[in-house]
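[1] Take a look and give me a structure for this.
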Amino acid sequence: MPHPYPATQRPSRHVGVSALALALVLVLACAPGPVARAGNGLQWRLEARVPVICAILDVETPADRPASLAVTTTCNAERYQLLLHPPEGQAVLRTARSSAGVVQIGAGTVTITSTRPGQALTTIELDAPVSAGPIAVTLQPL
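    Here you go, the predicted model:
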């Protein structure tokens, strides 16, 4: 049985790819909505929910600054608080700085508005050294 095509005119793989591309163009052209309208670009919308995960990695009191705390955290929340629980009552905070973003000081709390998720170092200066024991620090996402 002879081939339906002469040896010089055999169909190639490119015919199948071209047919697939043509079918895709026809489907997109017939699709309702902004994709089919001329002049509008193709738009994608992706939504995802990411769980908030925060943790305190380390709390240190530098030997040369007994009224200072260095708190290393990791957090993907936009805002979170560090709560200080000294053994003898309320801690009086003087200043605080964080590599995560903007810091606000409250009564025994440091509120951080993060500009980027991930690991951060927050330095907290107290009015006086805590002499009765170590300060417990907790993290609360807001």
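
[2] List the beta-bridge partners for Gly106.
    Thr109 (DSSP bridges).

[3] again but with Gln119, I slipped
    Thr74.

[4] now do Arg79
    Applying DSSP bridges, one finds that Arg79 bridges with Thr113.

[5] what about it, how many residues close to it?
    15 (other C-beta atoms under 10 Å). Every residue, glycine included, has its C-beta placed from N, CA and C.

[6] ok, now which ones touch it?
    111-114, 141-142 (C-beta atoms under 8 Å, 6 or more residues apart in numbering).

[7] Can you pick out the most distant pair from those residues?
    By the measure C-beta to C-beta, Thr113 and Pro141 form the most distant pair in the contacts of Arg79, at 12.1 Å.

[8] returning to what we had before: check the contacts of Arg79 for burial and list the buried ones.
    Buried members of those, counted by 16 or more other C-beta atoms under 10 Å: 111-112, 114.

[9] what element comes up after the worst-scoring helix or strand of the chain on mean pLDDT heading to the C-terminus?
    Across the helices and strands of the chain, mean confidence by mean pLDDT, DSSP states H and E is lowest for helix 13-30: a mean of 57. Sequence order places strand 54-60 as the next helix or strand after helix 13-30, per DSSP states H and E.
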